[in-house]
Each structure stands twice: as structure tokens, then as C-alpha cells.
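>>> Give me the fold of what follows.
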Amino acid sequence: MEKQMKTLISILGLILVIASCGPTDPPSEKVARKLTIDVATEIGHDFGEGGLYAHKTDDFLALRSLSFRSSNRFPDRVRVLFANVADYKGKIFQYPLTVGKAWEDNWNSTDKTTLEGYESVEIAFRTFPACLKHKTVRTGAHIGRELENALVDGTRYLWFAKGVGLVKVRYEHSNGIVTEAELVDYKISGESEAYFPLNIGSTWTYKWKNDYYNEVFIETAHIDINPNTREKFKGGLALTVKVASENGEALGERNFYIAKTDAFLGVRQASSRPGIKSTKPLLYPTSIFSDNISTSWPELFRFPLTVGKTWTEEGWSNSYLQTTIEDYESVACTAGIFQRCLKHKTVFTGAEADTELKSALMNGTRYLWFAKGVGLVKMRYEHSNGVITEAELIAYNVPEKSRDYFPLNVDTTWTYRWHNDYQPKPIIEKLHVRDPKVLPETPIKKASYVVTVDDPQNQGEMRVEYKLTPEDPNLEESPKDPNLKELQLRLNGDSDYIVQYNQYTPKNGESKPIDNPFSRSVRVEEPRPVGFPFFQDYPYPVWKIKFFKHSNKTPITLNYEISRKYAEDYKAFQAKRYGHETFSRTRPYFRDDTMLWAGGELFIVGGRTDNIEVEFKLPKGWRVLTPWKRIGLTGHRFSVENQEALTTNYLLIGEHTEVVAKSGKIEVVIGIGGSLKASKDEMKRTVEKFLRAYSKLFKDGPDRRVVFIINPSATDDLGGEGQGRGRTVNILMNSTLNEESGHLWAPFLAHEVFHIWNGLTALTPFTSKERWFLEGVTNYYSDITAKQLGYLSESEYLERLESACEKYLSVSHEHVIGDDFRDSRLLYDGGSLVAASLDLQIRHLTKNRKNFNHVMREMYRKFPDNSIEYTQRDIIRTVSKVAGKDFELFFQTYVTGKERLPLSEYFDKAGLNVQVTSEALPTSDYVQEVLKASLQRDTGVEVTSINGSRVGSLKELRKIAKHWRSGEAVTLSFEESGKPVTVTATLKGVSGNPPTESKTVVHITKQAKTTKLQRAILAGILGKT
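Next up, the predicted model:
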């Protein structure tokens, strides 16, 4: 029977996957948190702080990106407990959690994890039953010095208690060192700390009886918002109580109001009308809450709750109540054993009800026991006539109480005591879970910036005036001086460009510290601060500014300088002193006519700001390009919707050219600098073609404008590189666009335009594990769309497909496609082949009536902006829904697993043969040396055609080079100084036995005989009618 039931459940699950239709499909679970870490000795001496990030989905829990700062020079693993728990790219859990489950992670070591079973863990703090035992064996560490590798390798045991988190650690390092840790305190936020939790949706079920009726009742209480607006004064929460007999017969219900203030908590009946029935006449009592608890209205509790506290008040029917908080006791009942329950005693006297029985039942002594975070768990009422009423909790649910083995409720804290042989005294480590979107700096009500560029010949030198009005002019009290208050500001970028007082910079060509004049650093103009702004650059740049407690003058005005020269000097000093300089992905760049900045490097901000204006004062002929809303028709003033828009977008400042590409409601403003200005018309036409194609694919698009910033690349790469932030894309590409090289630059532009839908304004991945979808799917569509629009010939498209297969096959045995950013060949090329494989399977399964376009439309419908992020689980559900088949196994095998995609099987569905061979080809260096000698040049060139035939890739050029002969005349086309050049040259330096390297070579050819479905599928992909 059990086997049949499991089979039925499996069938029903499959039916749900196939038949699921809709707009109401919920997104998968996803939680992102930041954990801050404070480390101190056992006697309380602080010596370090750090942080890590937690990501949880339906499939995994990962703790990663640990950072730590202290004066201690030991490796992190001997000074921070969670350096031994968190992994840079690994997973703490893979769901579902089942005993015996095992998985492997590879990053800086090979980690093999097994869930071994459940054990009771007894530590000084308390005993935790049924803890999940988690074992990881680490080998092959290669992260740095010998000591660090020895500390990584070894066997680590972790014990997790459900609803609590990590309670014990034992790490047996490979060098014999043992690290041990145990939990000494914790608090799970969201799990109520109250003795009477008032979380909306809380429910309790009680079994109770008294010897007056000798009948057992089941009573369920449920908390919700008080729906009766006319009686809100009685309490903002409503408590609905339903009573049933022990055999399940409904006997009625009653409603109550709950009022809670800082001083008291009370329960009051909403109506005095009887609502409970029984198998025999019910005189009194009829409900635990109706007749045994709410009689004490209005004060069930008086805060604070302390043992020995006593208070008196009047109750119903002229009764007199004296309540005492007696002590803490352990209580055992059907719902469990509850430690340290608050014992609450009330003596009722003088009741004068309408009947003698009611008076006798009201008078007496009542005992209530409350468990923290649970509520009332037991009652005993010794009525004055000898009747005894008893009740016990048999079930309960307090929402937000974590059921996880590693709870991520915001404001959850854990404190651990740990030690190992490197630490002479025990260490105390405290973790605090925070929402990464809630910043600790001062919230700002209104902010304005004026950015001034004085000298057009001195790029990168700017002055900024920042006026701000805090949300609370009183600010927060300074932690070190109660007579002062503190303004905290931050920078979401590289602070090296902001001149700092007393910062290290080179002097007279030598790396020596000097004091920068205070007039150049961040300074407060008004009101007058106490001392200088204190600057701290770790873990991110922060300024702390103190004012006298009673100084409430606003706005506060700051001035600071942005200096390219200062940053270059400082970075040179860092490189000389430390062997490296600070790295920033958003570092500005400078061209002869333009400069690009990320807002995060320019604007100092608070914790939150939603009312922002920015003005630029620029030299004559200069302009600024941003996605912000312009104020007025002249000048350079902008309204910025929020702090995120201010700091995440790129800005182009200088003498650039702007054109606007449109398709329907979609608008892309393109800012073009340098020699690419000459190609502005071609740029606009190309972007508009791709906009129209993708608008048709998605059947929708973003309402607000997007900005493309395009400048010449410093390299000869005819493709390019792009990086998107906010609603802007920074693009560096070759200096001109011409028809002859269109097969190289057009797919690149197509890639960046597709990102408008996939990653920039919508379809945001939750973790880097979904980046294959972000980049690989984009690569797939950029190539097929470039073919459909004529930028690629059929043979060029197949060559690019062959190249993707070769790159993927060269690394597919090492890592998995869905395993973060391990190798760009897996991310871009492997991801594009996953998209191609899914497209081909969907087309085949649906007789070409559906394809991957339907997946992208459905994903865009579910995740139409950046506010909702998707996970791998969302992708699987969408693909399965479109295909009418469960694709869970496909993703487990080829995306999160290491199995190679069966390319021949999938491409056969479009009538294509895939042949994989190993071929020795001349090396890239050899090919470039021959070209330089033949063209009599000192630098290499990127050939776009040979003898009139376009060259689509380096691989194709290397294949051709196999057949070169010395003295042979060839016609070569390439770019020089931004212009296309075609010359006839005599090959020189050709070797009869050139250096070669073995390479996996993929040949994709069309089958001679195909079915109608195969032909239709290939035509659908290539854009043939």
C-alpha cells in the first residue's frame, strides 16, 4: 500500500509539472543575508571583526566571501571560527537534507561532505537532541602558504540543531591541530521572545477539562488583526477561539481583543453572548480564554515581567484580583517539555456574578505557565467550590519561528566559545544576521550634490559639494561619548579617488607618508563638527562625523575633492609598499575627449536616500550622460529616484556624441567617444535592429530609458567587452565599425542589447550559480539573432557554434556549468550550449510549436524587474512547464553535474552532425609572427579576411595557416588606425614544421537526409522561412 501511495504521489507530481499553467506560479525560495562577526578573547578584549554572506535557495545553503580584519597576523583559520565553516564557493547544505546524502565541492580544495545522522549534543550551554551531524573531508588545498593549506586539509564535523543553528564544531586539521567550538548563547529573531507571542497567524491548541462536567474540550486559538475598526480601542489584535469536543464535534467559537503596550498586555472578550454548546447544558466555564483568562482584563501581564512582581486590579463581576509572578518552572505537556516557564498566579476574591455557581467558579486561585516564544502551555484553576479546571497545550505554531538547521531570520545572533592549539585562551565569537539591503549608516531625508570640473585639460580633477538633511536631525548618540552625536556616511566604490587627510601618498618620487592639507580632505562646512571626520576604509569606506548633542542645524554641508592624480599616486604607493594596489571593477577610465565614472566612486551617501538632486558644472562644450531624469532644458541638473540609482549607474562626462536608438517604447541613448563617433549612424542602426528583434521575442520591454556608453578599446580586439550596472552599459570595442568586420562586432553588440532584458532591467539572478543563464543564454541569442539579421552567414554561425563546443569540451571535465564563475568557457560557451540543447529538445517535444523563446517570455513575465530574483529552481520549473516534461534530471546531470552534454544527440534533432576530433594546429604565436614578418610590422593584426573570404575566428585562421607556403602571395584584410586596410603580401617566415598544439576540433555539418521536423527546427533557429 505504501509503495502504491508513493507511486501515486510521483504520478501526481509529474501531472502538476506538466499541467501547471500559470500566472500564479510562486517564485522559488531565496534568502540573502549578511553575517557580521565580532571576535574577542574570553575576558572581553576585542581584536577583530569581519563578515560573510549567506545565500539560501530551494537547492542549497552557502556561506561565502569571508572577510576579516585584525592586527593578528595568523591565518584566518586560527583566528576566526567561521573561516573554518564558511567556504568561498562551496555549499553548507544541499537540499533536501537526508541522512547519507553526500556531495562534492571543488574550489581551493576538494571537499566531500556527508550527512552522517542525528546525535544528541551535550555542551555547557544545554543539551540539544537530534542534531544533524555534518562531516566534510578536505584534501588538495592550494590557497597559499603551507600552513594555510595544512589548516584547510583535514576532517571537519559540524552539528546543527533544528531551529537553533550550528551548536558544535570539531575540525581535525591535517597538521594535527584541532579546532573545537560550542554554542554559548543564541537568539533567533522572528521566533518570539514574548511569553505571550502576538505574531499574526499564531495558533495554539489546548486540551482541557474540569471535574464539574467531567468532559474533555479541545480549544484552538488563532491571532489575527482586529477587523472591527469601531472597536480598535479594545485592542489591535483579534483572538479567535474555537471549542470542540474530544471526538472533534464543533461546539462553537468566541472572539477576543488583545491590547499590548509597554506597560501591560490584556485579553478582552469581544461579546458576552454565549457561543459555546455542549452535550449537556453548559453553565460555566465554557472556554479557557472566555471564562478562565480574560476575566483578568485589562492586565494579564504588567511589564517588565520579574519574579516576585505583584499587582492588584478589579475584574469582572466586582471581583478583586491579586497577581504574582512566582518563579520559573519546567513544564511537561503533550506539546513538549518546556524549560524555564514563567509561573503566573492570580487569586480571585469577591466575585458577585448573576448566579452563585458562576461566583464560586470565578473565585479561587489560578496558575498559568508561559513558555518564552511559545505562549501559554499549562493552566490549573482551583475554583472556590472545589472544582479544578486543568488545561495543557497539545500543539502550537508561532509564525517565523525557524525550522531550519541554520536559521537566517534577520537579527538572529549566535555566540560561540572556541579554541585551538594556536590560541592560548578561549575565543568568543559572535555572529549577527542582517539584511544586506539595510545599511547601518545614517538615513538621509534629502540630498543634493554639485560636481564641478574647472579645467578641461585636467581630466579627473573635480570638486563636490554635498548637502544633506538626515531623516532624524538628532542623529544617533556617539558610542563613546553621550554628549556627542554621530553622522555616518559611506562610499559604495573605490575611495582612492577621494583625497584624504593624513593619507599615505608618494612624496618627491619616494613612497613616504605625508600629511595632505586638511583643506583637500572631506570637510564639514556647516554646522561646525567636533574634530575632523574619521575615515575608515574597511570593510568599505566610511566617514564618521561628530556633532554636539544639541546641534540640530540642517542641512549639513560637506565638501570633498575627486582626484585622478591623487589616486594614481596612492595606487603607485600601495603597489610599491604592499606589492599590489586596491582593485575596483568600476574603476574610471579616461580618453582624450571623455571620462567614465561609476556613481559609487563619486558620491558619498548615507544609509538610505530617496530624494536626490545632482548638478554638474562643466567646461564649455562638455556634457554628461546618465539615465537619470533631467531637470529643465538647459544645464546639467538631474533628479535621481534613490540612492541605488545614484551609485550603481555609470556616467559619461566630456565631449562625446549622443544618438538615440528606439523600438516601440524602448529607448537606448548611446554615448559615443573617440574615433567611434564616426560610426554613430551604423551604431544606431545596428542597435535598433536588435532592439526590434528582441522586443518581438519578449513581447515587452523596459519603460524607462537605458544608456549605452561606447568608447574605443585600448586593445585590438574586434569583439569587445561590456559591463552593465543599474540602467547603464559600459562598452569598449574596436575603434570603427565596418561591414567587412561586422561578423565580429555585431554579435558582441547583440549580446549587450540582449542584456537589457536578461540581467540589466529584469531577469536578475539570485546567486552566481545562475550566471550561466545570464551570460550563456545571452550568447546563444546574440549569435542566432545575428544570423537571422544577416550579420552572420550560415557557415559563420556554425563556425561560432563549433568554437563554443570546442571551448566547452576543453574544460567540461574540470568543473560544472552551474558552479559559479569558475571558467568563462563554461559560463558563456557551456551556458549557450545548454540553451541550444534545451531549445532543440523543446522544439522536438512540441513538434516545433514551442521553443526557448517561450521560456524567456515566461521568465520575463515572472521576473520583469530587478526586485524579484530567480534561482536555478525557477529556470527548471519554467523549462518543464514549456516543454511539458520534467527537466530536473537534465539540470542535475549537465548543469549542476559534470556529465558532458550529448551534443550529437541534441543537434541531430535539427539535422546536424557533430564530429569531435583532435587536431594539431599551428600555435597562435606562430601565426602572428608570420603575419608580422609578411606585413613588415612590429605589432600583430587581427585578420578579418584572406583572399576575399571572411575569417570568423582565430581557430579558422590557424586551420588556414596549416597550408601556408613561404613566398605565397595572399590578400589580407585587417584594421589599422581605425580604418579597414586590404593589402597583398608575400608570406615570410613560414616553417615547414611549424610549432603546433593539439586541440579538440568540432565539425558541425548538415545531414544529407533529414525529416520535415528536423528541417523545420533548423529553419526556426537560423531564421529561414
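
>>> Which parts of the stretch 551-700 of the chain are strands?
556-563, 589-590, 594-598, 608-609, 612-617, 623-625, 629-631, 637-640, 650-654, 657-663, 666-672 (DSSP state E, counting those that start in this stretch).

>>> export those strands to JSON lines and tack on mean neighbour count?
Heads up, the C-betas are built off the backbone N, CA and C, glycines and all. Shown next, in JSON lines, are those (neighbours: other CB atoms under 10 Å):
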{"stretch": "strand 556-563", "mean neighbour count": "20"}
{"stretch": "strand 589-590", "mean neighbour count": "14"}
{"stretch": "strand 594-598", "mean neighbour count": "24"}
{"stretch": "strand 608-609", "mean neighbour count": "20"}
{"stretch": "strand 612-617", "mean neighbour count": "19"}
{"stretch": "strand 623-625", "mean neighbour count": "20"}
{"stretch": "strand 629-631", "mean neighbour count": "13"}
{"stretch": "strand 637-640", "mean neighbour count": "19"}
{"stretch": "strand 650-654", "mean neighbour count": "25"}
{"stretch": "strand 657-663", "mean neighbour count": "17"}
{"stretch": "strand 666-672", "mean neighbour count": "23"}
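
>>> Mind putting these into a markdown table with mean pLDDT and distance to E172?
Output for the strands of the stretch 551-700 of the chain, formatted as a markdown table (pLDDT from 0 to 100; distance: least, CB to CB, whole Å):
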| stretch | mean pLDDT | distance to E172 |
| --- | --- | --- |
| strand 556-563 | 95 | 51 |
| strand 589-590 | 91 | 49 |
| strand 594-598 | 96 | 45 |
| strand 608-609 | 92 | 46 |
| strand 612-617 | 98 | 54 |
| strand 623-625 | 98 | 58 |
| strand 629-631 | 96 | 60 |
| strand 637-640 | 98 | 54 |
| strand 650-654 | 98 | 49 |
| strand 657-663 | 97 | 61 |
| strand 666-672 | 97 | 57 |
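
>>> closest one to G252 among the ones you listed?
Each of these has some distance to G252 by CB to CB; the shortest is strand 608-609, at 49.5 Å.

>>> partners of the closest one in the sheet?
Strand pairing for strand 608-609, using DSSP bridges, gives strand 443-452 (parallel).

>>> Which strands or helices does whichever helix or strand comes after the strand it pairs with pack on?
For strand 443-452, the following helix or strand on the C-terminal side (DSSP states H and E) is strand 461-470. Using 3 or more CB pairs under 8 Å, 6 or more residues apart in numbering; DSSP states H and E, the elements in contact with strand 461-470 are strand 443-452, strand 556-563.

>>> Select, out of the strands of the stretch 551-700 of the chain, the one closest to R1015.
Closest among the strands of the stretch 551-700 of the chain, once you apply CB to CB, is strand 657-663, at 30.7 Å.

>>> Render the CA-only coordinates of that closest one in PDB, please.
Included here for strand 657-663 are C-alpha records, laid out as PDB according to Å, rounded to 0.1, in the frame of the first residue of the first chain:
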ATOM      1  CA  THR A 657      28.300  62.300 -29.200                       C
ATOM      2  CA  GLU A 658      24.800  61.000 -28.400                       C
ATOM      3  CA  VAL A 659      22.300  59.200 -30.600                       C
ATOM      4  CA  VAL A 660      19.000  57.600 -29.600                       C
ATOM      5  CA  ALA A 661      18.000  54.100 -30.800                       C
ATOM      6  CA  LYS A 662      14.300  53.200 -30.400                       C
ATOM      7  CA  SER A 663      12.000  50.300 -30.900                       C
END
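
>>> Once you drop chain neighbours, what's closest to K847?
L1013 (6.6 Å; CB to CB, 6 or more residues apart in numbering).

>>> Enumerate every residue touching that neighbour.
H844, K847, N848 (CB atoms under 8 Å, 6 or more residues apart in numbering).

>>> let's see 10 Å
For L1013, the contacting residues are R843, H844, K847, N848, K909, A910, G911, by CB atoms under 10 Å, 6 or more residues apart in numbering.

>>> what comes up buried for whatever helix or strand it lives in?
Here L1013 sits within helix 1012-1022, counting by DSSP H and E. Applying a neighbour-count criterion of 16 or more other CB atoms under 10 Å, one finds Q1014, R1015, A1016, I1017, L1018, G1020, I1021 buried in helix 1012-1022.

>>> Then stretch 240-250?
T240, V241, K242, V243, A244.

>>> The fourth one belongs to a helix?
No - the secondary structure assignment for V243 gives strand rather than a helix, going by DSSP: H, G, I helix; E, B strand; the rest coil.

>>> Can you tell me the closest non-neighbouring residue to it?
L251 is the one closest to V243 (CB to CB, 6+ apart), at 4.6 Å.

>>> the residue most distant from the middle of the protein, which is it?
Distance from the C-alpha centroid of the chain, by CA atoms, centre = their mean, peaks at E356 (65.3 Å).

>>> who's R138 bridged to?
Bridge pairing for R138 - DSSP bridges - gives D111, G154.

>>> residues contacting it?
So R138 contacts 87, 90, 105, 108-113, 151-156, 171, 173-174 (CB under 10 Å, 6+ apart).

>>> Any of the residues you listed buried? List them.
If we count by 16+ other CB under 10 Å, the contacts of R138 have these buried: 87, 90, 105, 108-109, 111, 113, 151-154, 156, 171, 173.

>>> ok, so of the buried residues of helix 1012-1022, who is nearest V668?
Out of the buried residues of helix 1012-1022, the member with the shortest distance to V668 (by CB to CB) is I1021, at 26.1 Å.

>>> Now the phi/psi pair for I37, please.
For I37, the backbone dihedrals (degrees, to the nearest 10) come out as phi -130, psi 130.

>>> do you know how far it is from L52?
According to CB to CB, to the nearest Å, I37 and L52 sit 7 Å apart.

>>> Looking at the two, which is more packed in?
The residue with more neighbours, out of I37 and L52, is L52; 24 against 21, by other CB atoms under 10 Å.

>>> Was I right to think that one contacts L81?
No - taking contacts as CB atoms under 10 Å, L52 lies outside contact range of L81: 11.4 Å.

>>> among the strands of the stretch 551-700 of the chain, which is nearest S695?
Per CB to CB, nearest to S695 of the strands of the stretch 551-700 of the chain: strand 657-663, 5.0 Å.

>>> For the closest one, give me every contacting residue.
Outside strand 657-663, the residues touching it (CB under 10 Å, 6+ apart) are 593-594, 623, 625, 652, 667-674, 676-678, 680-681, 683-696, 701, 705-708, 710, 753.

>>> Could I get the buried residue list for stretch 135-148?
K135, T136, V137, R138, A141, L147, E148.

>>> For F125, state which of the residues you listed is nearest.
Taking these together and measuring to F125 by CB to CB, the closest member is K135, at 22.5 Å.

>>> And that closest one, its phi and psi?
Torsion angles, degrees, to the nearest 10, at K135: phi -120, psi 130.

>>> which residues touch it?
Per CB under 10 Å, 6+ apart, neighbours of K135: A102, K112, T113, T114, L115, E116, G117, T155, R156, Y157, L158, R170.

>>> need the contact list for the second one.
With CB under 10 Å, 6+ apart as the criterion, the residues that contact K112 are A102, W103, E104, D105, N106, K135, T136, V137, R138, T139, T155.

>>> distance of the first one from Q94?
So that's A102. In terms of CB to CB, A102 sits 9 Å off from Q94.

>>> Which parts of the chain belong to which domain?
30-189+404-434, 203-397, 443-643, 924-994 (automatic domain parsing).

>>> And the ones you listed: which comes nearest E739?
Short answer: domain 924-994, nearest of those by CB to CB, at 8.8 Å.

>>> can the buried residues of stretch 135-148 go into TSV with extra columns for distance to E721?
Below are the buried residues of stretch 135-148 laid out as TSV (distance: CB to CB, whole Å):
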residue	distance to E721
K135	43
T136	38
V137	40
R138	36
A141	33
L147	38
E148	33
